[in-house]
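# I would like to see how this sequence folds:
(chains A and B)
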Amino acid sequence: MTLHTTHIDWFGLAPVFALIGASFFALLCAVLVPRAVRRIAAASIAGAGFAAGIVLAVWLYVDSAHGHTIVSGAFYRDRWTALGQVILCAVGLATTLLGVEHVPGWGRNAEPERRDDHVAEFFALLLASAAGMVFFVGAANLMVLFLSLEWFSIALYVMCAIDYDLEGSLEAGLKYLIVGSFGAATLLFGSALVYGATGTISFAGIADKVAAQGLTGDSFLVLGLALIVAGLGFKMSAAPFHMWTPDVYEGAPTTVTAWMSSATKVAALLLTFRLMTTAFPHDEHLWSWAFAIVATASLAIGNLAALVQRNVKRILAYSSISHAGFMLIALSAGSALGGRALMYYLVPYTAMAFGSFAVVAARERELGVPVTLENLAGFGWERPFLGVAMWFFMFGFAGLPLGGGFVGKFYVLAAAYRHGWVWLVIVGVLATLVSLYYYLGIVRAMYMRPAEELQVQAGSVAVSGGAPPQETLLHLAVGAAFLVSFGSLFAVQPLIDFAQHAASALPL
Amino acid sequence: MNASSLTSILIWLPIAGALLIWLLPLSRYATGSLALLFSLAEVGFWIEQAARFDFSGSGLQMGERANWFGDLGVSYHVGVYGFSLWLVGLTVVAMAACTGYGFWVGRDRPRAYFGLMLLLTGATVGVFEAQDLLVFYAFFEAMLIPLYVLIGVWGGARRMEATIKFVIYTMAGSLLMLAAIIVYGLKAGTFDLVDGPASASRWLFLGFMFAFVIKAPLFPFHGWLPDAYREAPPEVSAVLSGVIAKAGLYGMLRIAIAKFPDPTSFYRTTVLALAAAALVYGSLLAFRSRDFRGVVAYSSLAQSGLIALGLFAGTDLGFDGAVLQMVAHGLISTSLFLIAGAVERRTTTGEFRLLGGMARGRPALATLLMTVGVISLAVPGSASFAGEFLILAGVFQRAWWWSVIGASGIVLAAMYMLRLISAVLHEARGSTVVDEALDLRPGELALLVPLVGVLLALSVWPAGISHHSFFGQSPASAVRSQFR
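Purely as a prediction, here's the structure:
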């Protein structure tokens, strides 16, 4: 009797291993490296890990023109995966830059000498969650899907709560844990039903079985599909599965929020697009309607709820819900154009989402209290670069032609129209109109009110005085986000070509 | 230099200037000078463009096309027609005067201010030169960004409400236009304005028109206008009414009327009625206004109505008159708002009950206001007389009663403009008019005299524009051929 071992294409998994390896070394830092240099050592390892991830993912992109599965059909090595991995690693690199100067664990009550206690663990967790996401986008069967989802989620739960001196951070971690576990359980249950109906867990296998056995509309399958959609809806924070988002985004350390709001969405949306088009092409009439409705709900709830918020992180959280809605429009179109639109949209979106939270982090550090529309007053004039960047991100979010957000919206709406859904175009347009009010509200708060209106309660401000801290790396990260979102307005054709090659890996 | 690169230079030069001003840590004086230099260079490039323009040739001239994203048929395509050439000229001249005014009064935070003014110049020129729908839309929206900040930061006390109203109104219109653009472009397979086919869809026509009637504005879409024109700094009001409003009217001509011939004739009476309503209602409101800027603001509403009347008359005379009147009114209202700014700086108010008697001892101010006012009320021989006469003659060919309404608007114009002139210059001396309030200074004269000079030149030779807007052929047939 011979034992068959699977042939493993190690190179296809290289970005995952690069990140896990870096995570391992970052964790070693926590115990081996003296506290004085721990922060810089761990951050360097993280930076190197993400840089290696980018290089390897680009290499894989170039080298995987003909997509195929590896590791016994468990993982896709194709351009859709590779491009998603590039975006994820780039966001990770930016988060590392932000993390150096805004290390979570700098609880506002923590004593200075304890500040760097858990800095290495933070970077280890960041790398681990990135590794999970990088694995997640390439999942080719329901088992890998669930495992990698849990993998990055567990890392994120801890990251949310890493500021354990703060009630808000603990609350965010716990909330995310409970709601996230519920979402994961829903997904698992759905997967089990789909497996029960088709007898396979491979994405492509499900589609084959459904076609071969005429299972379209089978009640087990449909219920399973619905539960999977719901489970993934939690991760991409689409309404009505969004309830955790504002609380968690508000409570989590801002660096973590920046990471979650950009990277988790990339992973969840790319995976969902692949899962739906690969495993359930025969039920497209069901899931495209489901996603159209979820998109409409997200746009409505995200935008309307954001109108009444005063806390900037909450506003941005609701804005991320509404952008999930926009990207779901592309998903619901389920076409090659939709795939391109989604891939393109993610580039400026991640840059703007990350960048705007990074700016909030800078203000938060300056004031020592949560950033609200009131205490944002005068920020634009005090810190011109960050102010202009935020101004730019807000107009970009609103879809004004100042950055790639404009072209992204155009593509998404074009995909909806090509799918024959003029009503969805109108919904998108109306949502954009509503969103203007709160995006401009942030601009108004930054520029159009004098700094004397600053309403910070006495005693709560960190007594520092003088110039704001020199945050070179934060500026670098914001500048990179700025360049990406600005550049994507002009470099549409190359980005669309990449996205097109990526989407051609999907069975559309 | 290649003639067609002038088209792109006119768009991108001021935008490059804006970036330069934001990046260089220059002093207040140096920043203002640099901005003024850029806007004057812009005028120079436009003169060069006009000199090289072939007024007898037909079709798009000095076109430039580059790929933007091919899979949906969107390209960066710019170029000029006769009428867009004149509107670009209006833009660069008015923007140069307004930038100069900002420099003269010494706006706070000069780098932000002048950068935004230059950005606005580039975006507005882009609107008039764009030959691709998405490029047009991008510039149309891009105008809003600097305007929002210019009003919101440098505006008057009630600027918050003004900006919110302005943005929500205009964005509501333009987002519907975006939906219409997507549908039109994907159906046609191209977003190109020159190659794009005519469409018979009434919905699409309405989508486009909605954006344009708000921007112009026409009755009843003018809700944003009084607040925005009163709260903005005077030079921004001047740009808004002189130039930005023309972008809406230009859009009607270039896109709505040219690309949607059937819906245009279907909705002709409706649009004409709205235009006539804007003309009469705007004139009445202007007559009832209690302040300088209110009169000019509502008279802009009336003038937009008059121009739309000419455009939707659909006749040769109407089109010629509308283009001429767009330029003439643009110059008039820019000058009037700048004079309003000069008066407000001297007296701290624009309210008529506090003004009066400013002519005594201030001959330059009196002469300029008088000249512009008289041109504006369309005395025979003035540029706006030529424009309005052509429009009325054009719309008369449609039906006689439209020109009766139009003529009543002109009578009303005489009433409100003479009231404005007498309330500011004559009558008893107002309580805020002190002896220390000097006549116009050389700096202000340097801005206003050229504007008025151009107006007088146009009055002498209105055919310079009205016979040079639609290349050789008759305007109506140029429109019918969709400017191919």
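# quickly find the element holding the residue lying closest to residue B:224 once chain neighbours are set aside.
Counting by Cβ to Cβ, 6 or more residues apart in numbering or on different chains, residue B:169 is the residue found nearest to residue B:224 once chain neighbours are left out, at 4.1 Å. Backbone N, C-alpha and C define where each C-beta goes, glycine included. Taking DSSP states H and E as the definition, residue B:169 sits inside helix B:159-188.
# what's the next helix or strand after that helix packed up against?
Remark: after helix B:159-188, the chain's next helix or strand is helix B:202-215, criterion DSSP H and E. For helix B:202-215, the elements it packs on are helix B:159-188, helix B:245-251, helix B:261-288, judged by 3 or more Cβ pairs under 8 Å, 6 or more residues apart in numbering or on different chains; DSSP states H and E.
# and helix B:202-215, average pLDDT?
Per-residue pLDDT values across helix B:202-215 average out to 94.
# quick one: contacts of the helix or strand following that helix?
Following helix B:202-215 in sequence order, the next helix or strand is helix B:225-231 (DSSP H and E). Outside helix B:225-231, the residues within contact range by Cβ atoms under 8 Å, 6 or more residues apart in numbering or on different chains are B:151, B:155-159, B:161-163, B:165-166, B:217, B:237, B:240-241, B:291, B:293-294, B:296-298, B:300-301, B:337.
# any chance of a markdown table for the helices and strands packed on helix B:202-215, columns mean neighbour count and mean pLDDT?
Compiled in a markdown table, the helices and strands packed on helix B:202-215 are given as follows (neighbours: other Cβ atoms under 10 Å in any protein chain shown; pLDDT from 0 to 100):
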| stretch | mean neighbour count | mean pLDDT |
| --- | --- | --- |
| helix B:159-188 | 22 | 91 |
| helix B:245-251 | 25 | 94 |
| helix B:261-288 | 20 | 94 |
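# list the contacts of the residue nearest to residue B:224.
B:214, B:221, B:223, B:224.
# how many neighbours does the first one have?
Think residue B:214. The tally of other residues near residue B:214 (other Cβ atoms under 10 Å in any protein chain shown) stands at 24.
# who's in contact with it?
Contacts for residue B:214 (Cβ under 8 Å, 6+ apart) come out as B:169, B:170, B:172, B:173, B:221, B:224, B:248.
# what's the separation between it and chain A?
Here the distance between residue B:214 and chain A works out to 12 Å (Cβ to the nearest Cβ, to the nearest Å).
# just the second one next, same as before
Here the distance between residue B:221 and chain A works out to 15 Å (Cβ to the nearest Cβ).
# ok so, going back, now the helices and strands packed on helix B:202-215 in a markdown table, with distance to residue B:318?
Output for the helices and strands packed on helix B:202-215, formatted as a markdown table (distance: least, Cβ to Cβ, whole Å):
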| stretch | distance to residue B:318 |
| --- | --- |
| helix B:159-188 | 24 |
| helix B:245-251 | 12 |
| helix B:261-288 | 10 |
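# what does the stretch 351-500 of chain A have sitting close to chain B?
A:381, A:388, A:391, A:395, A:400-402, A:406-407, A:410-411, A:413-414, A:417-418, A:422, A:425-426, A:429-430, A:432-433, A:436-437, A:440, A:443-444, A:447-448, A:492-493, A:496, A:500 (Cβ under 8 Å from any Cβ of the partner chain).
# which among those residues count as buried?
A:388, A:391, A:395, A:400-402, A:406-407, A:410-411, A:413-414, A:417-418, A:425, A:429-430, A:432-433, A:436-437, A:440, A:443-444, A:447-448, A:492, A:496, A:500 (16 or more other Cβ atoms under 10 Å in any protein chain shown).
# restricted to helices, list those.
Among these, the ones falling in helices (DSSP state H) are A:388, A:391, A:395, A:406-407, A:410-411, A:413-414, A:417-418, A:425, A:429-430, A:432-433, A:436-437, A:440, A:443-444, A:447, A:492, A:496, A:500.
# tell me who's in contact with the residue in the stretch 101-250 of chain B that chain A sits nearest to.
With Cβ to the nearest Cβ as the measure, residue B:138 is the residue of the stretch 101-250 of chain B nearest to chain A, at 3.8 Å. The neighbours of residue B:138, taking Cβ under 8 Å, 6+ apart as the test, are A:401, A:406, B:126, B:130.
# could these go into a markdown table alongside distance to residue A:472 and pLDDT?
Converted to a markdown table, those look like this (distance: Cβ to Cβ, whole Å; pLDDT from 0 to 100):
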| residue | distance to residue A:472 | pLDDT |
| --- | --- | --- |
| A:401 | 31 | 88 |
| A:406 | 30 | 92 |
| B:126 | 36 | 96 |
| B:130 | 40 | 95 |
